[in-house]
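Trainee: pasted the sequence and its predicted model underneath.
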Amino acid sequence: MSVKIRLQRHGRKGKPFYWVVAADARSKRDGKSLEKLGTYNPNTNPATVELDIDAAVKWLQNEAQPTDTARSILSYKGVMLKNHLVGGVRKGALTEEQAEAKFQAWLEEKATKISDKEGTLEKAKQDAKTKAFEAEKEVNVKRKAAADEAENEAIKAAADAKAAEEAANTPEVTEEAPQTIDGAAEEAKEEGK
């Protein structure tokens, strides 16, 4: 029986979540597996991988073949390196302590790389938030200036309308020749005719 180390999909539509499993090569993708080795969640940044390293090495020693994606996940967690080091111990090139020391040094280096990436992502997130805040501030200042200008225009228009209304309501004084009593009588006669 040939065994594959592969991913088994779980999760919902658009949000995949995978189990890393050792399964018979003839079984379905999401079918029966021999052993669950860990999980892989690509929805987080960086992707979350939890893996039982010793169980994965055991399956690799028993000639299980990982798929391409599973191989990259195993490499990411150091399973392929540990398998290589175990092979070196078995051949006598390394002692068990040397192999474990190399593996621990690699794990520490990988942990610092991951924490640096998380720090970079957090800094980028903060920078984006700051830029968005500054842009919002600028838009608010422009909006307030436009509102103030519109308010000033409205006040000015109201003052102009009030002045025009007052001008219309006040009687206009025109300069005419003063009428004498005789002039008024003559006008009345003309109107009466």
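Mentor: Okay, I see it.
Trainee: every contact and neighbour count from this point should use C-alpha atoms.
Mentor: OK.
Trainee: in this protein, which spans are strands?
Mentor: Under the criterion DSSP state E, the chain carries strands at the ranges 3-12, 15-24, 35-41, 48-51, 65-66.
Trainee: by residue count, which helix of this protein is the longest?
Mentor: With DSSP state H setting the assignment, residue counts place helix 96-169 as the longest helix in the chain.
Trainee: show me how far it is from its chain's centre.
Mentor: 13 Å (Cα atoms, centre = their mean, to the nearest Å).
Trainee: again, but for stretch 22-31
Mentor: How far stretch 22-31 lies from its chain's middle: 36 Å, per Cα atoms, centre = their mean.
Trainee: repeat for stretch 39-50
Mentor: In terms of Cα atoms, centre = their mean, the centre of stretch 39-50 is set 17 Å apart from its chain centre.
Trainee: please apply the same query to stretch 24-34.
Mentor: Between the centre of stretch 24-34 and the centre of its chain there are 36 Å (Cα atoms, centre = their mean).
Trainee: that one spans what distance, first to last residue?
Mentor: With Cα to Cα, to the nearest Å as the measure, the ends of stretch 24-34 fall 7 Å from one another.
Trainee: residues in contact with it?
Mentor: Applying Cα atoms under 8 Å, 6 or more residues apart in numbering, the contact partners of stretch 24-34 are Met1, Ser2, Val3, Lys4, Leu7, Gln8, Arg9, Val21, Ala22, Ala23.
Trainee: and this structure, what are its domains?
Mentor: The domain map for the chain lists 3-94, 96-163, with the assignment taken from automatic domain parsing.
Trainee: coming back round to it: the strands of the chain: which one's closest to Thr170?
Mentor: When those are compared by Cα to Cα, strand 15-24 sits nearest Thr170, at 77.6 Å.
Trainee: tell me the phi and psi of the residue nearest to Val89 when sequence neighbours are not counted?
Mentor: Beyond its immediate neighbours in the sequence, the residue positioned closest to Val89 (Cα to Cα, 6 or more residues apart in numbering) is Thr95, lying 5.6 Å away. Recorded main-chain torsions at Thr95 are phi -90, psi 170, according to degrees, to the nearest 10.
Trainee: my read: Thr95 touches Gly87, true?
Mentor: No. Counting by Cα atoms under 8 Å, no contact exists between Thr95 and Gly87, whose distance comes to 10.9 Å.
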